[in-house]
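[1] model this:
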Amino acid sequence: MNPSLWRDHVLPFFVLLGLLAAATLSGDYVLHWLNLVWVGRYLGILGTLLIIFSLYYSLRKRKYVTSGDPSILLKMHEFSAWLGSLMILIHAGVHFNAILPWLATVAMSINVVSGLVGKMLLKRARAHVQNQREQFQLRGLSKPEVEQAVFWDAVTLYIMNQWRKVHIPIYIVFTVIALGHILSVFMFWGWV
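    Residues are numbered from 1 along each chain as shown. Next up is the predicted model:
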């Protein structure tokens with residue numbers, strides 16, 4: 001059976017996204033079931049702090065800070081951003097009653113998807129397409145035949161390679177919208 005980029009790499013990515021959605025719905029359901037909806041308010045704060053904490057990797061990668069092993073920091077970035085996003089999604093629940101929370105949740109969700117593309121798919125997809133090319137060359141196919149045989153996988157890889165063009169700008173949009181949401185919470189939340 002011929003390996004497929006879609007089946008072997010893209011489908012598991014969608015399964016993980018589905019797990020994030022299921023964890024979000026389950027967490028929100030449990031909070032409602034236990035009559036602890038108020039906890040969701042504080043999950044937003046914790047989730048935001050975890051996402052801020054995850055930025056240390058980006059600072060290290062761009063050499064704004066010099067301490068820390070990049071491979072460990074990348075794992076920390078992925079875990080903190082995923083857990084923080086889960087907390088914020090549970091925080092959002094189904095309680096959208098203003099435009100800023102809606103926009104922030106959509107921007108964060110797009111950012112999570114693009115981050116998972118970078119984490120899960122890109123390196124594996126490049127290796128997969130290269131392996132396919134090598135296998136077809138070993139079978140004696142000409143270069144045009146090889147390119148035709150891997151055409152759809154190569155198109156999928158090209159589309160996936162665009163992830164950074166989405167990830168960083170959407171993160172900036174998410175940050176601006178989230179800051180607007182946070183500022184409005186500070187102004188209107190009954191703190192006393």
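[2] What is the strand or helix carrying residue 109 packed up against?
    Using DSSP states H and E, residue 109 falls within helix 99-116. Judged by 3 or more CB pairs under 8 Å, 6 or more residues apart in numbering; DSSP states H and E, helix 99-116 is in contact with helix 11-33, helix 70-92, helix 163-188. Every residue, glycine included, has its C-beta placed from N, CA and C.
[3] Show me what counts as buried in that helix.
    For helix 99-116, burial by neighbour count (16 or more other CB atoms under 10 Å) applies to 100-101, 103-105, 107-116.
[4] who's in contact with the residue nearest the centre of the chain?
    Most central in the chain under CA atoms, centre = their mean is residue 112, positioned 2.1 Å from the mean C-alpha point. Applying CB atoms under 8 Å, 6 or more residues apart in numbering to residue 112 gives the contacts 20, 81, 82, 85.
[5] circling back to that earlier point, could you say which of the helices and strands packed on helix 99-116 is packed most deeply?
    Of all those, helix 70-92 has the most neighbours on average by mean count of other CB atoms under 10 Å, namely a mean of 19.
[6] With just CA atoms, put that helix into CSV.
    Taking Å, rounded to 0.1, in the frame of the first residue of the first chain, the C-alpha atoms of helix 70-92 are listed here in CSV:
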residue,chain,number,x,y,z
PRO,A,70,15.9,25.7,22.4
SER,A,71,14.6,22.1,22.0
ILE,A,72,13.4,22.1,25.6
LEU,A,73,11.9,25.6,25.2
LEU,A,74,10.1,24.5,22.0
LYS,A,75,8.5,21.6,23.9
MET,A,76,7.6,24.0,26.7
HIS,A,77,6.2,26.5,24.1
GLU,A,78,4.0,23.8,22.5
PHE,A,79,2.7,22.5,25.8
SER,A,80,2.1,25.9,27.5
ALA,A,81,0.4,27.3,24.4
TRP,A,82,-1.8,24.2,24.0
LEU,A,83,-2.8,24.1,27.7
GLY,A,84,-3.3,27.8,27.8
SER,A,85,-5.4,27.7,24.7
LEU,A,86,-7.5,24.9,26.2
MET,A,87,-8.1,26.9,29.3
ILE,A,88,-9.1,30.0,27.3
LEU,A,89,-11.4,27.9,25.1
ILE,A,90,-13.1,26.5,28.2
HIS,A,91,-13.2,30.1,29.6
ALA,A,92,-15.0,31.2,26.4
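[7] List of residues touching it?
    Contacts for helix 70-92 (CB under 8 Å, 6+ apart): 20, 23-24, 27-28, 31, 40-41, 43-44, 46-51, 53-58, 60-61, 101, 105, 108-109, 112, 115, 119.
[8] just how off-centre is that helix within its chain?
    9 Å (CA atoms, centre = their mean, to the nearest Å).
[9] likewise stretch 99-118?
    8 Å.
[10] Dump that stretch to CSV, restricted to CA.
    What follows is stretch 99-118, C-alpha atoms only, in CSV (Å, rounded to 0.1, in the frame of the first residue of the first chain):
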residue,chain,number,x,y,z
ILE,A,99,-17.6,41.0,19.9
LEU,A,100,-14.1,41.1,21.4
PRO,A,101,-14.3,37.7,23.1
TRP,A,102,-15.7,36.2,19.8
LEU,A,103,-12.9,37.8,17.8
ALA,A,104,-10.2,36.8,20.3
THR,A,105,-11.4,33.2,20.4
VAL,A,106,-11.4,32.9,16.6
ALA,A,107,-8.0,34.5,16.3
MET,A,108,-6.6,32.2,19.0
SER,A,109,-8.1,29.2,17.4
ILE,A,110,-6.6,30.0,14.0
ASN,A,111,-3.3,30.5,15.8
VAL,A,112,-3.6,27.1,17.5
VAL,A,113,-4.3,25.4,14.2
SER,A,114,-1.4,27.1,12.4
GLY,A,115,0.9,26.2,15.4
LEU,A,116,-0.1,22.6,15.2
VAL,A,117,0.6,22.6,11.4
GLY,A,118,4.1,23.8,12.2
